[in-house]
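Enquirer: Mind looking at a prediction? Sequence and model below.
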Amino acid sequence: MSSTQYPKLTFYGGAGAVTGACYLLETAHTKIIIDCGMFQGSRFSETLNSDPFPFDPKELKAALITHAHIDHTGRLPKLCKDGFSGNIHATMPTLDFTKALLIDSQHVIAMEAKHEGQEPFYTEKDVELVFALVKPVEYGMMVHIAEDMACKFYDAGHILGSSMIEVFVTVGDKKTKIVFTGDLGNSPGPLLRDTHKETEADYVVIESAYGDRLHEGEGERKDTLEDIIEETAAAGGVLMIPAFATERTQELLYEFNELVEHDRIPKMPVFIDSPLAIKITEVYKRYSSFYDEEALRLLKSGDEIFSFPGLKFTPTIEDSKRINSVPPPKIILAGSGMSHGGRIVYHEKLYLPDPKSTLLIIGYQIKGSLGRRLLDGEKTVRIHGDEVTVRARIRQISGYSAHADQQGLYRWVEPMRLSIKKLFVVQGEESASETFAQIVKDQLAIDAIAPKVGDSFVLE
């Protein structure tokens, strides 16, 4: 069998970087992509979003989507705008979240494009094109893409409805199994079921956002959250939490619910100041069948896990502005999760100069984002054109990350050590991906590589 007959895998995003996930898998007869994410983090990376795709969207049979986050879905409208007409496969929660996130993102893109005197790289009409092509899947269901290609989705435990995807390729009498992890969850965690475990695969494409780091344990992160709330309340300050609308906000609501109901923290208002997070929370309520056993038990006992005394949703701009008139102590959860725009930056501008207040980082922060610069210790930052002095305490709890840490990634790979021909380490900063690839090589004797954008591999 000649090499041209084998399946080929090409990395067109998410390689050597955290964002822009997009992988082209092709045979002589069928081409698909896994994810079609937006590049994020810097002005240069964001200009890549409007560049032509390095493949012809019209030739694709399908797009398989691991989960709804914009760095995995954000270029789907452009893909459809440029001629893609195949099927888009994802779980129902992923599709519902994706619609909300794409519409929200489009509004931001349109405003930024207008400011720059440019055209947005997609419109709301292009979002409609996406949802004319969707084909929902269920976990464990075999999806037949073409005569030589099929796939199955399994729970990745990252966000509600997130998936790792097994792709089965048949070329002649040879069958190849490639697993795309998407983002692997930080299991065990509140709310969601644990990450599905794989036992064998020929090739694996694995994320590595925390490939060089470890998280706190589940109990430790909740205790630390409790301590930070108590310290900020005792100081009479404001606790600001830049929170991603999908999963981080809902996990924190779940944790706050328990802390409040068991009188573990002082009574104070908790504001969810994100229209998108409010919409996403409503989606969560519709898909309780995806929760873990403990969350389901609480629901059956009558506990409203996304509602507790002191919780206030502020969907409108007027509601958001009224938060300022509420005296501290108070807690504000607002987007965006990396302080890269959104309502959180208005609160940061107001309260970062206050030494009594605290900014709590709970999610991954891309290089160049305001959140990363604050985490790295910058004492003066520019917000809305003004210099802001940072006197507030900057704290971090990595245990609330939605990503598996180095140990979690290693434990997930280990059962497949005898079957994997090559492990592709992606979706991490270069140092994280290369660190994890080297650990896998040294300790599991697996051929592991951190590919670059544009790299192609024949899967023999």
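Expert: Cool, got the structure.
Enquirer: low pLDDT regions in the stretch 1-150 of the chain?
Expert: Per-residue confidence for the stretch 1-150 of the chain (pLDDT under 70) gives these ranges: 1-4, 42-46.
Enquirer: quick one, strands of it?
Expert: Ranges of strands in the stretch 1-150 of the chain, per DSSP state E, counting those that start in this stretch, are 8-11, 23-26, 31-34, 62-64, 87-91, 134-137, 143-146, 149-155.
Enquirer: Turn these into a markdown table, columns for mean neighbour count and distance to residue 323.
Expert: Where C-beta positions appear, they are placed from N, C-alpha and C, glycine not excepted. Converted to a markdown table, the strands of the stretch 1-150 of the chain look like this (neighbours: other C-beta atoms under 10 Å; distance: least, C-beta to C-beta, whole Å):
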| stretch | mean neighbour count | distance to residue 323 |
| --- | --- | --- |
| strand 8-11 | 20 | 43 |
| strand 23-26 | 22 | 42 |
| strand 31-34 | 24 | 40 |
| strand 62-64 | 24 | 40 |
| strand 87-91 | 24 | 34 |
| strand 134-137 | 17 | 37 |
| strand 143-146 | 16 | 45 |
| strand 149-155 | 21 | 36 |
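Enquirer: could those go into TSV alongside distance to residue 205?
Expert: Shown next, in TSV, are the strands of the stretch 1-150 of the chain (distance: least, C-beta to C-beta, whole Å):
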stretch	distance to residue 205
strand 8-11	8
strand 23-26	6
strand 31-34	8
strand 62-64	12
strand 87-91	17
strand 134-137	19
strand 143-146	17
strand 149-155	13
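Enquirer: Residue 299 is nearest to which of those?
Expert: Nearest to residue 299, of all the strands of the stretch 1-150 of the chain, is strand 149-155, at 18.5 Å by C-beta to C-beta.
Enquirer: Centre of the chain to the closest one, how far?
Expert: 20 Å (C-alpha atoms, centre = their mean, to the nearest Å).
Enquirer: Equivalent analysis for stretch 90-107, please.
Expert: 12 Å.
Enquirer: who touches it?
Expert: The contact list for stretch 90-107, computed with C-beta atoms under 8 Å, 6 or more residues apart in numbering, reads 38, 64-70, 73-74, 76-77, 120, 122-124, 127, 130-131, 134, 136-139, 153, 159-163, 245-246, 275-276, 279-280, 283, 286-287, 290.
Enquirer: Out of these, which sit inside helices?
Expert: Among the contacts of stretch 90-107, the residues falling in helices (DSSP state H) are 70, 73, 76-77, 124, 127, 130-131, 275-276, 279-280, 283, 286.
Enquirer: What angle do helix 275-286 and the one helix or strand residue 251 maps to make with each other?
Expert: Assigned by DSSP states H and E, residue 251 falls within helix 248-261. Angle, helix 248-261 to helix 275-286, by axes from the mean of the first three to the mean of the last three C-alpha atoms, to 10 degrees: 70 degrees.
Enquirer: in helix 248-261, what's buried?
Expert: Using 16 or more other C-beta atoms under 10 Å as the test for burial, helix 248-261 gives 248-258, 260.
Enquirer: Need the worst-confidence member of those residues.
Expert: On pLDDT alone, residue 248 ranks lowest of the buried residues of helix 248-261, at 81.
Enquirer: So which of the buried residues of helix 248-261 is the closest to residue 321?
Expert: residue 249 (20.2 Å).
Enquirer: give the contact list for that closest one.
Expert: Residues counted as contacts of residue 249 (C-beta under 8 Å, 6+ apart) are 243, 272, 274, 277, 280-281, 333.
Enquirer: for residue 400, same thing?
Expert: 186, 221, 225, 248, 251-252, 362-363.
Enquirer: shaky segments in the stretch 251-400 of the chain?
Expert: Counting by pLDDT under 70, the stretch 251-400 of the chain contains low-confidence ranges at 302-303.
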